[in-house]
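A.B. asks: Here is a sequence together with a model predicted from it:
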Amino acid sequence: MSIIILGIESSCDDTAAAILKDGDILSNVVASQEVHRLYGGVVPEVASRAHQENIVAVVDLAIRKAGIQKRDISAIAFTKGPGLIGSLIVGTSFSKAMALSLDIPLVEVHHMQAHVLAHFAEDPKPAFPFLCLTVSGGHTQIVLVKDFLEMEILGQTIDDAAGEAFDKTGKLLGLDYPAGPMIDELARQGKPVFDFPEPKVSELDFSFSGLKTSILYFLRDNKKQNPDFIKENLADICASVQERIVSILLKKLRIAAQQTGIREIAIAGGVSANSGLRNGLAEMGKAEGWNTYIPKFEFCTDNAGMIAVTGYHKFLKGIFASQEVTPVARMDF
Ligand code: KG4
Ligand code: ZN
């Protein structure tokens, strides 16, 4: 009999549902919450309310697009954490209620582990052990992936995440939230003519708060000389900031590859949609003799396909959650 997993993701500002049949994605639906643009960042209370409004329609659409019936579902996998607690509560409560009514098991999923396992939603799949640079709005990690559910964080940010560096730069430049995609687009029209400093942090850890401060002072000083400095140099500023963020990420990834001797190298998370990072990794991979794995866009930013894939591997191992499960905002591997 086939194993069909319904995946549900609601950790931040995307309400998502996906159907996975025997390891293959049949549908992957995301409702993004545009409302946060108005506020320049995610407003947690608004996010939870939007999840409540969207979740029934999103799950229903995922089931219909997959061409299955509710009674065909073997288990429901949901994001337990980390994330915004109000947002997580919506997905968790919905999943518990639906699993109870269908009398099927529940599988809890760690959001960051799921970003890594998004690579198993498509081909080619990395071979174990591999390294994954997971870069999102809240996390920046180099993960040693020994097996589906066996992962170790080798290095991570000591302050801001890479996605935050993009988003906070965007705020300074007057761009809408989330600014990552817009900076990416503008960077393609500019040249990296401005030099921003590289942080000095040990080994495989990252830091992005110093970069943010240096951009703030750089813009302040230049605006004193020319009030239109940002408008006249926007594309070049974006290209320069993006190049620095990407160089910081790839430099550490290369150290991790050298230290571990691993040549299977993947990227994941929202920032892995960045064209500078994707091209940079492909280039570095060629030079270093790595096999590189870059997810399709739909598996980079938050999605439920990755939750369903992770749920599938837990299902195969018989790891289930009880009806007493509650979401957790901060959560280790
Ligand atoms: O993984 P994700 O969807 O959500 C979290 O788990 O945080 O990542 C969202 C982050 C945001 O900071 C967004 O600006 C960034 O990913 N992002 C990008 C791009 N697309 C999304 N950053 C740079 N370039 C992009 N193309
Ligand atoms: Zn995420």
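C.D. replies: Yep, it's here. Ligands and ions are numbered 1, 2, ... in the order given.

A.B. asks: so what's A329 up against?
C.D. replies: G81, P82, G83, L84, I85, L88 (Cβ atoms under 8 Å, 6 or more residues apart in numbering). From N, CA and C alone the C-beta is placed, and that goes for glycine too.

A.B. asks: Could you single out the nearest of those residues to ligand 2?
C.D. replies: Using Cβ to the ion, G83 comes nearest to ligand 2 of the contacts of A329, at 8.1 Å.

A.B. asks: Get me the contact residues on the stretch 151-300 of the chain for ligand 2.
C.D. replies: Within reach of ligand 2 by Cβ under 5 Å from the ion, the stretch 151-300 of the chain has no residues at all.

A.B. asks: What ranges does the stretch 151-300 of the chain have for its helices?
C.D. replies: Remark: helices assigned in the stretch 151-300 of the chain by DSSP state H, counting those that start in this stretch are 162-173, 180-187, 209-225, 229-260, 275-288.

A.B. asks: Go through the ones you listed and pick out the most buried.
C.D. replies: For the helices of the stretch 151-300 of the chain, the largest average neighbour count (mean count of other Cβ atoms under 10 Å) is found in helix 162-173, namely a mean of 23.

A.B. asks: Make TSV from the helices of the stretch 151-300 of the chain and add distance to T92 and mean pLDDT to it.
C.D. replies: Below are these laid out as TSV (distance: least, Cβ to Cβ, whole Å; pLDDT from 0 to 100):
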stretch	distance to T92	mean pLDDT
helix 162-173	24	97
helix 180-187	27	98
helix 209-225	32	97
helix 229-260	32	98
helix 275-288	32	98
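
A.B. asks: quick one: which of the contacts of A329 is nearest ligand 1?
C.D. replies: G83 (7.6 Å; Cβ to the nearest ligand atom).

A.B. asks: residues in contact with the nearest residue to Q189 once chain neighbours are set aside?
C.D. replies: Nearest non-adjacent residue to Q189, counting by Cβ to Cβ, 6 or more residues apart in numbering: A235, 4.2 Å away. Applying Cβ under 8 Å, 6+ apart, we find A235 in contact with L186, A187, Q189, G190, K191.

A.B. asks: In those residues, find the pair that's most separated.
C.D. replies: Greatest spatial distance among these (Cβ to Cβ): L186 and K191, at 11.6 Å.

A.B. asks: Would you mind listing the residues touching both of these two?
C.D. replies: Here L186 and K191 have A235, A239 as joint contacts, going by Cβ under 8 Å, 6+ apart.

A.B. asks: just checking, G41 touches Y177?
C.D. replies: Yes. Between G41 and Y177 a contact is recorded at 5.3 Å, counting by Cβ atoms under 8 Å.

A.B. asks: more neighbours, those two?
C.D. replies: Applying other Cβ atoms under 10 Å to G41 and Y177 shows that Y177 carries more neighbours, namely 19 against 14.

A.B. asks: N233 versus the residue located most distally from the centre of the chain, what's the distance?
C.D. replies: In the chain, Q225 marks the outermost C-alpha relative to the chain mean, sitting 38.5 Å out by Cα atoms, centre = their mean. Distance of Q225 to N233, given as Cβ to Cβ, to the nearest Å: 12 Å.

A.B. asks: got any residues that touch both of the two?
C.D. replies: Common contacts of Q225 and N233 (Cβ under 8 Å, 6+ apart): none found.

A.B. asks: one step back: show me the one of the helices of the stretch 151-300 of the chain that comes nearest I142.
C.D. replies: Ranking the helices of the stretch 151-300 of the chain by proximity to I142 (Cβ to Cβ) places helix 229-260 first, at 4.8 Å.

A.B. asks: Now do the closest one against helix 162-173, angle only.
C.D. replies: 170 degrees (axes from the mean of the first three to the mean of the last three Cα atoms, to 10 degrees).

A.B. asks: quick one: helix 229-260 to chain centroid distance?
C.D. replies: How far helix 229-260 lies from its chain's middle: 18 Å, per Cα atoms, centre = their mean, to the nearest Å.

A.B. asks: Fine by me, thanks again.
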